[in-house]
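Sequence unavailable; structure follows:
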């Protein structure tokens, strides 16, 4: 596609304009751009540009297919490929558009091939993508899109209103290839210009390619269309089963100690963590190096540091005696600058990260994959490990936008496809040693494709940040189904007021908590608080993890999150907002006050008579128990900060 750059005076920045106009919005934008250039550069330049444009369009291929709701355009230089677009209606408001590419011989996939369509901005106030975090505003067409691949989120976006109602959900079936998705406001037409840009990088030669584009405008809540997409993705990428312990609280050594870790301190923390209800420990970075100041230069050989762990197998055995499982940390693609692996594979690296002081190995080489798998196998077998925390998988990527090159001993052209093969083989090989193996992946490599090889998805690092932990775990849960979603490790200052420290736990109630504070250094009130909330979580985890998940207002960082089954509903309140309770009140209604202020306000659609009300503080002390009648309308209940009220019929 031809591109030229102009200076956008109103915003004082350079702006790229694509002049292969194939949709009404493209034509209009191009005409306006030419008009602006005509005033500045004169008619000769515009005439020359028009000739270039016409020449380009003569060779480019364009197609359009009409669904009941959208005209979907395909444009770009197809090279030797024959492209076909078809559409299949599933139900009213739900359609599948299929793109197929066929070439008589393997050819490099056409860079920048784009699917595009427009959607009117009617009652749309926000949008959703798995990587948006705190910026959920509507983008403009020329702003940066959202990248996805096997190791980065998912090719899916939603436009919704301030009530959480879906207006448009689109998703691509290919969760492996690098894809950029865009949903930008067209300033001239007040519509959303949506684009799926394919093959910008990692363009492995192929004879065939297929992609399904799912278009959903049904009147559902955004979390319902996301769950529908999750089920749809599972038909392409069957998820790895999760053992029971993978859905129970864990202790992690990382924030507690970083790399200053040894056998004695670890065992002490595990004993206390077990009393708090943790059923597994994740031994993080530090077991492989004696240098607490090192970055990652010692990674890659994966040998136990005998100074810190004189008998690591015995340490694992002692933890097993506590009835706790053990997961061990590995930085999957790293060959640190001081490692022997760096010398062995010096010609088989993707790039060097000098800041982290490590090479990133190239998984397109079979011997590289075999080496990585072999080291993991050796650890599981030798130390009787129950699982692995596999880190930095998202660094397996090409360092630039160059086309992928095969040869030189590589048996894959695509880094993404080689990574999927590596992770799949890790699971297959290690499950022969441990059938109930746990494999943790960290955000952002939590794509639908990664659910086939990992069964624990953890929020990205956000130490001490309860708000970010809530947003991250909620976003992950919306697309992860039965895969266990874990919080980032919980830590806080020992001098925090106990009710404020409790907010670290309350903000991740709907995920599996990972604790990582120095238990022996926290005050007695904090100990009591942890005991209470870990007991609360285990008592109600059937609803918290398996209930109908209903997060509200993603544009406001999910200030209310709820989950329910037929007999119980749990609502966590994270801001000063009214909790709406509909007519179908279950037998047990629990409201957690994580709003940082006293009191909760309910608005009942129907009266609620003859219920037992219990109010507890953040340490589980019962403050009040009484019979109450609630009429229809608004009611304020005095609940302390980080406390809870339970209404039982």
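On my side now, so go ahead. This one's a predicted model, so the numbers in the text were calculated from it and none came from an experiment. Residues are numbered from 1 along each chain as shown.

Show me which residues of stretch 289-309 are buried.
289, 294-300, 302-305, 308-309 (16 or more other C-beta atoms under 10 Å). C-beta: built from backbone N, CA, C; applies to glycine.

for those, which one is nearest residue 418?
Distance to residue 418 across the buried residues of stretch 289-309 (C-beta to C-beta) is lowest for residue 300, with 18.1 Å.

ok, the closest one touching residue 346?
No - Residue 300 sits out of contact with residue 346 when judged by C-beta atoms under 8 Å, with a separation of 11.6 Å.

Could you pull out the residues contacting both of these two?
residue 359 (C-beta atoms under 8 Å, 6 or more residues apart in numbering).

Which strand or helix spans residue 226?
In this assignment (DSSP states H and E), residue 226 forms part of helix 222-236.

Any buried residues in that helix, and which?
Buried-residue list, helix 222-236, by 16+ other C-beta under 10 Å: 222-230, 232-233.

for stretch 594-608, same thing?
Neighbour-count burial for stretch 594-608, counted by 16+ other C-beta under 10 Å, picks out 594-595, 600, 602, 604, 608.

So for those residues, which is the shakiest by pLDDT?
Scanning the buried residues of stretch 594-608 for pLDDT, the low point is residue 608. It has 92.

residues touching it, list them.
Per C-beta under 8 Å, 6+ apart, neighbours of residue 608: 581, 585, 629-630, 647, 649.

how about a cut-off of 10 Å?
By C-beta atoms under 10 Å, 6 or more residues apart in numbering, the contact list for residue 608 reads 581, 583, 585, 589, 602, 628-632, 635, 647, 649.

for residue 452, same thing?
For residue 452, the contacting residues are 150, 234, 236-240, 420, 423-424, 427, by C-beta under 10 Å, 6+ apart.

And the buried ones among the residues you listed, selectable in PyMOL?
Only the buried entries of these go into this PyMOL selection, using 16+ other C-beta under 10 Å:
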select buried, resi 150+237+239+240+420+423+427
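
Identify those among the contacts of residue 452 that sit within helices.
Secondary structure defined by DSSP state H assigns 234, 236, 420, 423-424, 427 of those to helices.

From the residues you listed, pick the one nearest residue 557.
When those are compared for distance to residue 557 (C-beta to C-beta), residue 234 wins out at 27.7 Å.

Against residue 486, how distant is that closest one?
20 Å (C-beta to C-beta, to the nearest Å).

Residue 388 - that's part of a strand, no?
Yes - secondary structure of residue 388 (DSSP: H, G, I helix; E, B strand; the rest coil): part of a strand.

show me what contacts it?
Applying C-beta under 10 Å, 6+ apart to residue 388 gives the contacts 282, 327-330, 332, 376, 379-380, 426, 430, 434, 437-440, 454, 456.

swap in residue 393?
Here residue 393 is in contact with 150-151, 331-333, 363, 419, 422-423, 441-442, 444-445, 450, 453-454 (C-beta under 10 Å, 6+ apart).

Mind doing that once more with 8 Å?
Contacts of residue 393 were listed using C-beta under 8 Å, 6+ apart, and they are 151, 332-333, 419, 423, 441-442, 445, 450.

do residue 641 as well
So residue 641 contacts 499-500, 593, 595-598, 618 (C-beta under 8 Å, 6+ apart).

what do you get for residue 385?
316, 326-328, 379, 434.

how about a cut-off of 6 Å?
326, 328, 379 (C-beta atoms under 6 Å, 6 or more residues apart in numbering).

And for residue 547?
So residue 547 contacts 563-565 (C-beta under 6 Å, 6+ apart).

residue boundaries of the helices in the stretch 351-500 of the chain?
366-383, 415-431, 466-480, 498-506 (DSSP state H, counting those that start in this stretch).

hang on, the earlier thing: what's next to the helix holding residue 226, contact-wise?
156, 158, 160, 164, 166, 169, 171, 173, 216, 448, 478-479, 481, 551.

From residue 80, how far out is the nearest residue to residue 199 once chain neighbours are set aside?
Nearest residue to residue 199 in three dimensions, chain neighbours excluded: residue 109, at 4.3 Å (C-beta to C-beta, 6 or more residues apart in numbering). Distance of residue 109 to residue 80, computed by C-beta to C-beta: 11 Å.

Check residue 337 too.
Separation of residue 337 from residue 80 (C-beta to C-beta) stands at 43 Å.

quick one: which of the two has more around it?
residue 337 (19 against 14; other C-beta atoms under 10 Å).

Quick one: low-confidence residue ranges for this protein.
Across the chain, the ranges flagged by pLDDT under 70 are 1-61, 202, 292, 400-407.

Just give me the longest strand of it.
strand 94-107 (DSSP state E).

what lines up beside the helix or strand just after that strand in the sheet?
Sequence order places strand 113-120 as the next helix or strand after strand 94-107, per DSSP H and E. Using DSSP bridges, strand 113-120 pairs in its sheet with strand 71-76 (antiparallel), strand 191-198 (antiparallel).

what comes up buried for strand 113-120?
Buried residues in strand 113-120, defined by neighbour count with 16+ other C-beta under 10 Å: 113-119.

Return the member of the residues you listed nearest to residue 639.
Closest to residue 639, out of all of the buried residues of strand 113-120 and judged by C-beta to C-beta, is residue 119, at 42.1 Å.

Output the strands paired with strand 113-120 as a markdown table; include the columns mean neighbour count and distance to residue 369.
Output for these, formatted as a markdown table (neighbours: other C-beta atoms under 10 Å; distance: least, C-beta to C-beta, whole Å):
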| stretch | mean neighbour count | distance to residue 369 |
| --- | --- | --- |
| strand 71-76 | 21 | 33 |
| strand 191-198 | 23 | 26 |
